[in-house]
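K.L.:
sequence plus the predicted model coming up.
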Amino acid sequence: MSLPNHFELLATNGTARTGRLTTPHGVVQTPAFMPVGTAGAMKGMHWREVRDAGADIVLGNTYHLMLRPGAERIAALGGLQTFTGWNGPMLTDSGGFQVMSLSDLRKVSEKAVTFRSHIDGAKVELSPERSIEVQRLLGADIAMQMDECVRLPATRDDIERAMRLSLRWAERSKRAFESAPDGNMLFGIVQGGDIPEMRHINARELVDIGFHGYAIGGLAVGEPQAVMLAMIEETAPALPVDRPRYLMGVGTPEDLLEAVARGIDMFDCVLPTRNGRHGMAFTRFGQINLRNARHADDPRPLDEESEWPSARNISRAYLHHLVRSGETLGAMLLSEINVAYYQHLMQGMREAITAGTFETFQEQTRAGWAKGDI
Ligand SMILES: CCNc1nc2cc3[nH]c(NC)nc3cc2c(=O)[nH]1
C-alpha cells in the first residue's frame, strides 16, 4: 500500500532538485542538511543558534535516547520537542547502526539486535517493532526502518545477506508503523554495499513495499568518495522522483555538493559540530585548523563577508587562543560557525537550483575551496 506523499518537488536543474517536505512540526526546505543532536542536544550549541543558523530539521539518535533518559520517560514528558525545547521537525534513526559501532557483546539475529548498553552494561534487545515503538514514543516526525549496514570493503555474500535482512526488516518496520499519527513519516533504507546489482534489487523491492521517503545507507563507511558517488548514481535513479532521498551520514561540504548534483535531497553528519569541537572551521575557503600557530597574531575574522556574526566579527587570534586553551567557548563558537556554514551552503544550492544556475554555483564553490585560506 503506498503511503501519502508529503514532499513537493519545486524545481530541478540537471539531476539536482529542490523541494519542500511538510512534517507535523514544520516545513523542511530541500536540499536540507540535518545537524546531529545525538542525545537530545546539539553539542555546544543552544537550539536558538541551530534555528538562526538556518537548520529546519535536526536528527536524534534512538540508540542513545532509548538508553538514557529512556523512550517512555521522554514520551511521559511530552515527546522530544517538548523535552528538549527544539520545536521543529526531528528525524530519529532506528538505532541499529549505532549498536554496531557503540556497543559490545552485540548479536544480530532475524528477530532483533541484542546488545549491552555502553552506559551500564544492561542487556537490550532492539527489534524492528521495538525501534518503531521507541521512535513513536520520542515523537519523531520522520522515523527510520531498522536495517543492517555493513562496513566496506565487504564480501558479496555479506552484502547480500545484510541487504536481504534489511528488506525483511523494512516490511516489519512498515507493518509496525502503519498506525502512526497522520503526517508522521517512515523512510526505508537502501543497502547493497558497493555492488550496483544489489543496489538495484534493494531499491526496487523497497519501493514495492512503499515508504514516505528513501534513504541511501551503507555508504560513508570507509569507502572512497568515488565509490560513494558511483553508488548514488546507481541508486538514486531507481527511487521515485517525487519522494525525498536521504544520504545517511554524509558529509563534507564537497560530498554535499557532489551528492546534491546527483539527486540527493537530505543529509545528516556530525562533522560541523565534531570538527568544531576539535578546532576546525569550515569556510568558503575550505577547512581552517585554528590550532595552527599561524593564526596566533591574525586579527582578521574567519570570513569578513560571512552572514554569520561569529564568523565575521571574531578574530582568528582569539579563536586560536580559545582552542589552544581548551576554552569551552572555542568549541561553542566553531560549532555554530560550522553549522551556519553548512546551512548557508545548502541555501546557496537551493537558490542555484531554483535559478537554474547550479552548475555555475558548483564551479564557483569549488574554486573558493581550491583557492584555500588567504
Ligand atoms: C537508521 C540507522 N541506519 C543506518 N544508519 C547509518 C548511519 C550512517 N552514518 C554513516 N557515516 C557516518 N554511514 C551510515 C550508514 C547508515 C546506514 O546504512 N543505516
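P.N.:
Received the coordinates, thanks.
K.L.:
residue contacts, Arg164?
P.N.:
By CB atoms under 8 Å, 6 or more residues apart in numbering, the contact list for Arg164 is empty. Every C-beta, even on glycine, is put in place using the N, C-alpha and C of the backbone.
K.L.:
roughly how far apart are it and the ligand?
P.N.:
From Arg164 over to the ligand the distance is 15 Å, taken as CB to the nearest ligand atom, to the nearest Å.
K.L.:
quickly find the element holding that residue.
P.N.:
helix 156-177 (DSSP states H and E).
K.L.:
check which residues of that helix are buried.
P.N.:
159-160, 162-167, 169-170, 172-174, 176-177 (16 or more other CB atoms under 10 Å).
K.L.:
and the stretch 251-374 of the chain, which residues reach the ligand?
P.N.:
Within the stretch 251-374 of the chain, no position lies close to the ligand (CB under 6 Å from any ligand atom).
K.L.:
is the ligand within reach of the lowest-mean-pLDDT helix or strand in the chain?
P.N.:
Sorted by mean pLDDT, DSSP states H and E, the helices and strands of the chain end with helix 96-102, the least confident at a mean of 83. Yes - using CB under 6 Å from any ligand atom, helix 96-102 reaches the ligand at Gly96, Phe97.
K.L.:
who's in contact with that helix?
P.N.:
So helix 96-102 is contacted by 61-64, 106, 113, 115, 118, 126, 131, 146-149, 217, 248 (CB under 8 Å, 6+ apart).
K.L.:
now stretch 63-80: mean pLDDT?
P.N.:
The average pLDDT within stretch 63-80 is 97.
K.L.:
in that stretch, what's buried?
P.N.:
Tyr63, His64, Leu65, Met66, Leu67, Ala71, Ile74, Ala75, Gly79, Leu80.
K.L.:
the ligand: which of these is nearest?
P.N.:
Proximity of the buried residues of stretch 63-80 to the ligand (CB to the nearest ligand atom) peaks at Tyr63, which lies at 8.8 Å.
K.L.:
wait, the closest one touches Arg106, no?
P.N.:
No - using CB atoms under 8 Å, Tyr63 is not in contact with Arg106; the gap is 11.0 Å.
K.L.:
that older thread, now the buried members of the contacts of helix 96-102.
P.N.:
Buried by 16+ other CB under 10 Å: 61-64, 106, 113, 115, 126, 131, 146-149, 217, 248, out of those.
K.L.:
among those, which are located in strands?
P.N.:
Val113, Phe115, Leu126 (DSSP state E).
K.L.:
could you report the separation of Ala203 from the ligand?
P.N.:
Counting by CB to the nearest ligand atom, the gap from Ala203 to the ligand is 14 Å.
K.L.:
nearest residue to that residue other than its sequence neighbours?
P.N.:
Of all residues beyond its chain neighbours, the one nearest Ala203 is Ala238 (3.7 Å), with distances taken as CB to CB, 6 or more residues apart in numbering.
K.L.:
got a list of what the one you found touches?
P.N.:
Counting by CB under 8 Å, 6+ apart, Ala238 makes contact with Arg199, His200, Ala203, Arg204, Val207.
K.L.:
switch to 7 Å and redo it
P.N.:
By CB atoms under 7 Å, 6 or more residues apart in numbering, the residues touching Ala238 are His200, Ala203, Arg204.
K.L.:
show me how to select, in PyMOL, the buried members of these.
P.N.:
Filtering the contacts of Ala238 down to the buried ones (16+ other CB under 10 Å) takes a single PyMOL command:
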select buried, resi 200+203
